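# Sequence plus predicted model, see below.
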Amino acid sequence: MPWQPTNKLEQERLEKLERIIARGIDPYPGRVKRTHTIVQAVSAFTASEPATPEGAEPVQLSGTPPENPINVTVCGRLKSMRGSGKVSFADIEDGTGRVQLFIKQDKVGDATYEMLKRDLDLGDFLQISGAMMRTRAGEISVQADELVLLSKAISPLPVVKEQEIEGQTVRYAAFKDVEERYRQRYVDLASNPEVRDLFRARARTVSAVRRFMDGEDFLEVETPILQPIYGGAAARPFTTFHNQLHQELYLRISFELYLKRLLVGGYDAVYEIGRDFRNEGVSFKHNPEFTQLEFYKAYIDYNGVMDLTERLVSSVAKDVTGSTTVHFRDHDIQLAAPWRRWRMRDAIRELAGIDYADYPTADALEAIMREKGHSVKPGQTWGKLVEELLGGIEGQLIQPTFIIDYPRDISPFAKRAPHDPLHVERFEFYIAGMEFGNAFTELNDPRDQEQRFLDMAQMYGEDAEDATPIDEDYLRAMRYGMPPNGGFGMGIDRLVMMLTNSDTIREVLLYPHLRKADNPTTAQDES
């Protein structure tokens, strides 16, 4: 059934659309004649204005175009309209900025002016041709000689209210329902320029990461999203089926095992920026699909990866924000090196009051955790209990901190720490109480790796969420010889959260996953 108006405003706009068509005007023409973006038009005009000599009185504004006018054709969305009689003012906005229109009936003609006053609405897209000028009030404007409707908006955008407070323009968001903002991101972007600015910052962040990695002589590569065996992380995958191949496939949860195969193949340093997919809970920092940076570099260990991480994050922050100090989650974060490097055992002992090395079995560690007031899910492995202890203190890790040396049984791809059978050379880094990335001195002994796979399978069981399936082809690759290397993974979305001071990952994703609109009882967030 064809769409029908849902409210009076949409019905009125449909009636206007019909009147426009009745005049013989195409409300959605197929050709546009733009000569300048709005920023280009304004810049060209200001560059043409004569400079006022120092100490001289400003030139009296006439409200008419100069003798040698800058003629432009600009396009954009109608954002405001005012005036009466035979003169109107309006503002249009394109992707670069906003400019005022000065529209006189005797310039554009009676029919066009009538359409403007009677049948155009905020949200419509217009093409305006005319000369650049300053009004008597000093505002740079386009004096319209021609006005063309490019697209009639049937549904009205939310009204965004603005108020001047102590010389600052304060905008009040149009959406009261935050989830509706995410659901109708196109309306959110059209209504709120600050949201458009946030996603420009996201694009700059990705570009800055890529420049840094390229500058460090890494090779950018692409690995499969559909994988016959998932691996490289502890997460439940999304599953699909290839009809032609009669094969079950998984959306990747990590790039790791495919990237490390390339080190076997002869590359010294590779990276990928792309999407991962994990079929697990959502929260302010989790989304089922997210953007990840992973890199692997031969002939360095996790200490070298820590050095790279410090330089990467501080360099990107400098590129995107202009500073290595950012404000995030009510803290001023100093991203310049050096960052604190803190052994996990020492951090947990100091902040949680438990030296887990004194409790070498899962039963003993679970008992002391309960004694200390921790709520513990029964039946967890020793390493998982240690990880739970870490989760209890991460909120105290405000300034950038590397937590290093993790339990072996939750780190199947990391090399053992020298002379320490309990731990491996792994780190995660935390900022403002939130984990941002994970890295290892990568395991390159195929026999040790195979035993880790077998140990994990026995420890977690086939149906466990954190099960790590045995990847025989990866083991085959390792047997050809893998150089010593360090590897790293970081969530790009969380990095953007920090650089834009955003409270939730959904603010920095153009299209976050949401519950069904008709199912409000579905849980949206998990802590």
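Looks like it came in fine.

# is it true that Ile368 touches Ile354?
Yes. Taking contacts as C-beta atoms under 8 Å, Ile368 lies within contact range of Ile354: 6.0 Å. Just so you know, the C-beta spots here come from the backbone N, C-alpha and C atoms, and that holds for glycine as well.

# right, and the helix or strand after the helix ranked longest in the chain?
What stands out as the longest helix in the chain, according to DSSP state H, is helix 193-215. As assigned by DSSP states H and E, the chain's next helix or strand after helix 193-215 is strand 219-220.

# Tell me which other helices or strands that following strand touches.
Packing partners of strand 219-220 (3 or more C-beta pairs under 8 Å, 6 or more residues apart in numbering; DSSP states H and E): helix 193-215, strand 269-277.

# Pull up the pairing partners for the lengthiest strand in the chain, direction included.
When the chain is parsed with DSSP state E, its longest strand is strand 71-84. In the sheet, strand 71-84 lines up against strand 87-93 (antiparallel), strand 125-134 (antiparallel) (DSSP bridges).

# strands paired with the following helix or strand past the longest one, and their directions?
Reading on from strand 125-134 to the C-terminus, the next helix or strand found by DSSP H and E is strand 140-151. Next to strand 140-151 in the sheet, as set by DSSP bridges, lie strand 98-104 (parallel), strand 125-134 (antiparallel).

# Tell me where the model's unsure across the chain.
Within the chain, the ranges that satisfy pLDDT under 70 run 52-63, 161-176, 459-467, 519-527.

# domain ranges for it?
Following automatic domain parsing, the chain resolves into domains at 8-47+67-156, 195-223+255-339+399-507.

# For the strands paired with strand 140-151, give me TSV that also has distance to Thr240 and mean neighbour count.
Listed next are these as TSV, based on distance: least, C-beta to C-beta, whole Å; neighbours: other C-beta atoms under 10 Å:
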stretch	distance to Thr240	mean neighbour count
strand 98-104	45	21
strand 125-134	39	21
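
# hey, where'd the helices end up in the stretch 401-527 of the chain?
446-460, 472-479, 492-500 (DSSP state H, counting those that start in this stretch).

# hey, which of those is tucked in deepest?
Among those, helix 492-500 has the highest mean neighbour count (mean count of other C-beta atoms under 10 Å), at a mean of 23.

# Report the contact partners of Met369.
Ile354, Val376, Leu385, Glu388, Leu389 (C-beta atoms under 8 Å, 6 or more residues apart in numbering).

# now those: which count as buried?
Buried subset of the contacts of Met369 (neighbour count, 16 or more other C-beta atoms under 10 Å): Ile354, Val376, Leu385, Glu388, Leu389.

# about what we covered before: columns distance to Ala362 on top of the strands paired with strand 71-84, output as CSV?
Shown next, in CSV, are the strands paired with strand 71-84 (distance: least, C-beta to C-beta, whole Å):
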stretch, distance to Ala362
strand 87-93, 60
strand 125-134, 64
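
# right, and these - which one's nearest Ala51?
Ranking the strands paired with strand 71-84 by proximity to Ala51 (C-beta to C-beta) places strand 125-134 first, at 14.6 Å.

# Please save the CA atoms from that closest one in PDB.
Provided in PDB are the C-alpha atoms of strand 125-134 (Å, rounded to 0.1, in the frame of the first residue of the first chain):
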ATOM      1  CA  PHE A 125      16.600  21.800  -1.200                       C
ATOM      2  CA  LEU A 126      17.100  24.900  -3.400                       C
ATOM      3  CA  GLN A 127      19.400  26.100  -6.100                       C
ATOM      4  CA  ILE A 128      20.100  29.900  -6.000                       C
ATOM      5  CA  SER A 129      21.900  31.900  -8.600                       C
ATOM      6  CA  GLY A 130      23.000  35.500  -8.100                       C
ATOM      7  CA  ALA A 131      25.600  37.900  -6.900                       C
ATOM      8  CA  MET A 132      27.400  37.800  -3.600                       C
ATOM      9  CA  MET A 133      26.900  40.900  -1.500                       C
ATOM     10  CA  ARG A 134      26.800  42.300   2.000                       C
END
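
# hmm, back to that, in the longest strand of the chain, what's buried?
Those would be Asn71, Val72, Thr73, Val74, Cys75, Gly76, Arg77, Leu78, Lys79, Met81, for strand 71-84 by 16+ other C-beta under 10 Å.

# got it, and stretch 115-122?
For stretch 115-122, using 16+ other C-beta under 10 Å, the buried residues are Met115, Leu116, Lys117, Asp119, Leu120, Asp121.

# If we only consider the residues you listed, which is nearest to Ala362?
The closest of these, once distances to Ala362 are taken by C-beta to C-beta, is Asp121, at 66.0 Å.

# can you tell me the helix or strand for the closest one?
Per DSSP H and E, there is no helix or strand for Asp121.

# Over to Ile229. Which of the three states is it?
At Ile229 the chain is in coil, as set by DSSP: H, G, I helix; E, B strand; the rest coil.

# Next, count neighbours for it.
14 (other C-beta atoms under 10 Å).

# Please apply the same query to Asn7.
What Asn7 shows, counting by other C-beta under 10 Å, is a neighbour count of 9.

# Over to Phe199?
Other residues close to Phe199 by other C-beta under 10 Å number 17.

# related to what we said a few turns ago, which of the contacts of Met369 sit farthest apart?
Ile354 and Val376 (11.9 Å).

# and the nearest residue to Asp268 once chain neighbours are set aside, bridged to which residues?
The spatially closest residue to Asp268, leaving aside those adjacent along the chain, is Ala298, at 4.6 Å (C-beta to C-beta, 6 or more residues apart in numbering). Note on Ala298: beta-bridge partners by DSSP bridges are Asn485.

# residues touching Ala298, list them.
Leu263, Asp268, Ala269, Pro483, Pro484, Asn485.
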